[in-house]
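J.: have a look at this prediction, sequence included:
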Amino acid sequence: MYFLLVSLNAYICQMIDFPYDLLLLVGAGLFAGFINTMAGGGSLLTLPLLIFLGLPSATANGTNRVAILVATSSATLGFRSKKINSFPFSLYLGGVALLGALIGARIAIDIDGNVFNRILAIIMLVVVVLMVFKPKYNTFSTSAKTSGKTLVWSMVAFFFIGIYGGFINAGIGFIMMLFMNYVNRMDLIRVNATKVAVAFIYTTGALATFALSGHINWKYGIALAIGNAAGAFFASRYSVKKGEGVIKTVMMIMVVAMSIKLWFF
């Protein structure tokens with residue numbers, strides 16, 4: 001009986017010490033990887049989750065960038081392996097977005113945590129509306145507009161997009177895709193390739209800013225990144241067309257619930 005009680009006590013202690021939070025983050029990252037590949041907006045789930053796990057808002061924001069950097073670097077290499085890129089256009093946009101991201105990340109670090117949570121709640125709801133009523137993308141057969149005055153205006157726009165990306169990043173993929181599709185008249189394949197390349201460039205600056213300020217939980221960030229990379233890997237190789245509507249519905253319900261909690265609790 002004594003040995004049974006000792007064994008039971010040891011088992012309970014192991015259960016208490018089991019890293020459920022890390023498993024949760026890997027699972028959330030897996031789901032977010034699918035979402036980002038199929039629809040976009042994965043940070044709308046992972047960023048609030050990190051806050052709910054007890055991280056301060058600035059630390060949750062910085063930690064989320066670890067997964068973003070891994071996902072965008074993987075996607076960029078994937079596009080390049082298929083010889084799809086928009087260099088040097090992506091480098092121009094990425095450069096100015098990087099400057100903006102340094103500013104945005106600094107603002108995110110300095111802002112009050114409760115104010116940040118409420119801003120995040122509002123942005124989450126706005127992005128959900130955009131997902132539901134988003135305009136249709138155009139398919140262009142003409143040459144893309146990536147030089148001259150259009151390039152100049154694009155660089156100005158992406159500086160401010162970079163500020164937003166450095167500040168919170170949630171839903172930024174929709175903004176970049178719509179802009180490049182309508183303003184630069186790029187087809188969706190090149191839009192996606194440019195989007196991930198630009199996001200990778202400015203995320204390096206944002207991540208460095210958060211890291212230098214001590215606002216990254218590397219254990220959580222790596223767990224999230226592992227799940228995110230796996231989700232993106234599988235979603236990019238298996239068509240889940242029938243499940244896309246269900247995943248979007250589940251995601252929107254979760255985002256609305258999370259935004260309410262962020263605002264009121």
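T.: Received the coordinates, thanks.

J.: ok, residue 95 to residue 89 distance?
T.: 11 Å (CB to CB, to the nearest Å). In short, each C-beta sits where N, CA and C put it, glycine included.

J.: of the two, give the one with the bigger neighbour count.
T.: residue 89 (23 against 17; other CB atoms under 10 Å).

J.: quick check on residue 86: phi, psi?
T.: Dihedral angles phi and psi of residue 86 (degrees, to the nearest 10) take the values phi -120, psi 30.

J.: check residue 84 too.
T.: According to degrees, to the nearest 10, residue 84 has phi -110, psi 110.

J.: distance of it from residue 230?
T.: Counting by CB to CB - residue 84 and residue 230 are separated by 23 Å.

J.: ok, residue 161 next?
T.: 28 Å.

J.: so these two - more neighbours on which side?
T.: Using other CB under 10 Å, the more surrounded residue of residue 161 and residue 230 is residue 161, with 23 against 15.

J.: my read: the more buried one touches residue 100, true?
T.: Yes. The pair residue 161 / residue 100 is scored as a contact, 6.8 Å apart, by CB atoms under 8 Å.

J.: residue ranges with poor pLDDT in the chain?
T.: 1-18, 36-41, 131-142, 232-265 (pLDDT under 70).

J.: which residue sits closest to the most centrally placed residue in it, ignoring its sequence neighbours?
T.: Geometric centre of the chain, nearest residue: residue 43, 4.0 Å, by CA atoms, centre = their mean. Distances taken as CB to CB, 6 or more residues apart in numbering place residue 170 nearest to residue 43, at 4.4 Å, with adjacent residues excluded.

J.: and that neighbour, what does it touch?
T.: 41, 43-44, 47, 120, 123-124, 127 (CB atoms under 8 Å, 6 or more residues apart in numbering).
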